[in-house]
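Q: can't give you the sequence, but here's the structure:
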């Protein structure tokens, strides 16, 4: 008997019909002899509707109360899902984050999981029931208050439950067939990835791939949880996200891997260039301390070699557009202290990243990348690399041409075009 | 410093604007130097919408899950209300039934309060905060599950909190100005009642008066909680529901009372007549045991003197129309065993009740009642009395004429017509 954790996002439980469909699917897994724990998001647009309501009441909702409000969303979907399963003749019980033992710190809106004590879930499973758990929410022992996990919360709930219960697999159901080599809406010949290491998945998610939230991937990697990202609209096998040190039973570890797992793009970033920075030790530290104090999430950083004649250099970095204004303001205020010449702000950039575990042992990846971009007439403005990733920044309006060219150059194109569905849940 | 519990129904918090209005009102009470605890219902039609959703999923929702679902309603309204108060610059914290210490038995959908442990509310008050509590909901220690109190739940929450916290008064805010001598939609010259004893209120609520739920009145009476039923749309003094043994400070106990407090009507009942019942001891007990086993809520019972020639009698009783079918079925099945001749079912009846504490010491009330009905050409089909109430049954289509005639006959008519608002919350 296996223990399977399944996560269904908002689009999979958008209305009563969808909920009944998902209920059948859960029951099938249960009838195959598995213990099943389900993490579920709020129905469709419920969370956004509740947020709108909060903002009708006040421009800055109190975080504790906002969490109280938003957690109503999963309460509705989980109760309906449990009802739907029971009406099929199977025992099912819904549990709030608190009842499920999702213990977090007291950071409302972005709580970190500090402990998972799924005693009531284990009890329910032992009694033959299916346990339905509210995604996204937790409980702070410290403040005795309800918390929410923030972005990617429901995925993280599922992974955390899988880890705490020692589940055999954590299935993330979504409205696409799995993780693709690139966004199928842009790259028509994108291929579904059958297997990807958690490390690669982490880099892809961090580079703009939307299907899995980076936080859930990190949690899965740290706790050795194998993920299966698949569609709730069909029975196809999706994408397995695994730790190569811990291959699923019966799998060969010698299978041939493609050099590049996927190509991700990201149009949500802006670039700030600090022009004419005195090239003396400690200046970069000062600069980024100022930026960090605004809570801006700096991604790529590039510093050019300083011009010998002036002893000054330019430092560019990217950050989410939403963080742009406050970073610019903070840096402007510090201009005299640091002594740079000027600031440039550019929010018309696009980021492209190629990710692949085999990059470690395969030279020539960067050459192939740069050549493909050159041949497509794409200008590279910034470059940054990790052990298994190369990212470049170019103009936003050439990012689609860029990703298609790179996808083809690395031999990732499928023979057929992918079928594309709508957006994904929380 | 007084401690005031305020209850706001669904129509008072139907949208963001209403919530902001209610928030201001709560803050005013707080600023007058009072400690304030608020019990709030779900917004407008939320509960009905959630019920509809449940019935889209399954015709018979599992009771545990239905409670989980419905409690999302108050969670939303209480969080929004707390946000609205905080945005006015005052500390406010929302609490679920469980957090507020509303301990119930495990009877989902109709849980009984077994204990109230409002430690967290007391803490919040001590810290200068306004405590907002979800009405209608509780927590079973036994099953560790969320429960709901059923009909009249939010009123009962407010009264139970007032009792447990030793509140000075429990204000029930609604969309009418208070308790009226009769339904102002039918009796245009109905008057707002300034003061009414809890015993009278109990009889009125039990006879069809809708503003206060009978259960909340019972709880208030048992725990000596003084109620103030008033409008959330104006600042008029409403109706005080009090225990005459425990008059509010400074009040005279010798004030003149009108003989009749009010006239209630009820069109929700049906009448069953069991024809030709053998007039032997124990038959009535058998009959009503059968009816009780269907959980039907029998109200009036009338047995005629038996005809000496046959040794048989007729027994009539009223019960909610919703309970009619199952009672008829159960009685039919028992016809041979009991030996009655036939059953009659009549759902075109109307009930009228006059209620007044002074009835105890005033003879002639029934004569005035019957004469008024006679003069209005209304036929009386059943009569039943308690110490402070006389109820009659007549045709449903003559009930409005009946109540107007009776209202006038007892001198209850006001000089001006009452202003009528819409329906009330849960």
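A: Yes, it's here. If you're wondering where the values come from, they're calculated on a predicted model, not measured in any experiment.
Q: residues from the stretch 51-200 of chain A in reach of chain B?
A: By the rule CB under 8 Å from any CB of the partner chain, the part of the stretch 51-200 of chain A lying against chain B is A:53-54, A:56-62, A:64-66, A:68-69, A:71-73, A:75-76, A:78-80, A:82-84, A:86-87, A:92-94, A:99, A:120, A:144. For every residue, glycine as well, the C-beta is placed using N, CA and C.
Q: what subset of those residues is buried?
A: The neighbour count (16 or more other CB atoms under 10 Å in any protein chain shown) marks A:53-54, A:57-58, A:61-62, A:64-66, A:68-69, A:71-73, A:75-76, A:78-80, A:82-84, A:86-87, A:92-94, A:99, A:120 as buried among those.
Q: just the ones of those in helices?
A: If you go by DSSP state H, these have A:53-54, A:57, A:64-66, A:68-69, A:71-73, A:75-76, A:78-80, A:82-84, A:86, A:120 in helices.
Q: next structured bit after the lowest-mean-pLDDT helix or strand in chain A?
A: Among the helices and strands of chain A, strand A:301-303 carries the lowest confidence by mean pLDDT, DSSP states H and E, at a mean of 84. Using DSSP states H and E, the helix or strand that follows strand A:301-303 towards the C-terminus is strand A:312-320.
Q: so what does that following strand touch, helix or strand wise?
A: strand A:269-278, helix A:283-292, strand A:301-303 (3 or more CB pairs under 8 Å, 6 or more residues apart in numbering or on different chains; DSSP states H and E).
Q: with mean neighbour count and distance to chain B added, can I get these in a markdown table?
A: Output for the helices and strands packed on strand A:312-320, formatted as a markdown table (neighbours: other CB atoms under 10 Å in any protein chain shown; distance: least, CB to the nearest CB, whole Å):
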| stretch | mean neighbour count | distance to chain B |
| --- | --- | --- |
| strand A:269-278 | 20 | 31 |
| helix A:283-292 | 16 | 30 |
| strand A:301-303 | 16 | 39 |
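Q: to residue A:11, which of these lies closest?
A: strand A:269-278 (25.9 Å; CB to CB).
Q: in the stretch 201-350 of chain A, where is pLDDT below threshold?
A: Within the stretch 201-350 of chain A, the stretches with pLDDT under 70 are A:246-257.
Q: residue in it nearest to chain B?
A: Closest approach between the stretch 201-350 of chain A and chain B, counting by CB to the nearest CB: residue A:232, at 16.8 Å.
Q: got the contact list for the strand or helix carrying residue A:322?
A: According to DSSP H and E, residue A:322 maps onto helix A:321-333. When contacts are defined by CB atoms under 8 Å, 6 or more residues apart in numbering or on different chains, helix A:321-333 is touched by residues A:268-270, A:272, A:274, A:287, A:290-291, A:293-297, A:319, A:343, A:345, A:347.
Q: the same query, at a cut-off of 6 Å, please.
A: With contact meaning CB atoms under 6 Å, 6 or more residues apart in numbering or on different chains, helix A:321-333 is reached by A:270, A:290-291, A:294, A:296, A:343, A:345, A:347.
Q: determine which two of these are furthest apart.
A: The distance between the two most remote of those (CB to CB) is 19.8 Å, for A:290 and A:347.
Q: can you give me the helices for chain A?
A: In order along the chain, chain A carries the following helices (DSSP H): A:16-31, A:46-57, A:63-86, A:119-126, A:153-165, A:198-206, A:214-222, A:283-292, A:321-333, A:335-338, A:365-375, A:399-409.
Q: so which of these gets nearest residue B:386?
A: Across the helices of chain A, the minimum distance to residue B:386, taken as CB to CB, is reached by helix A:63-86, at 41.5 Å.
Q: does residue A:6 touch residue A:170 like I think?
A: No. Contact criterion CB atoms under 6 Å: residue A:6 and residue A:170 do not qualify, at 7.9 Å.
Q: separation between residue A:62 and residue B:86?
A: Residue A:62 sits 5 Å away from residue B:86, going by CB to CB, to the nearest Å.
Q: same question for residue A:358.
A: Taken as CB to CB, the span from residue A:358 to residue B:86 is 54 Å.
Q: again, but for residue A:220
A: Taking CB to CB, one finds residue A:220 at 37 Å from residue B:86.
Q: cool, and residue A:233?
A: Taken as CB to CB, the span from residue A:233 to residue B:86 is 42 Å.
Q: could you find the closest non-adjacent residue to residue A:262?
A: residue A:181 (4.5 Å; CB to CB, 6 or more residues apart in numbering or on different chains).
Q: count the neighbours of that neighbour for me.
A: Residues contacting residue A:181 under the criterion other CB atoms under 10 Å in any protein chain shown number 27.
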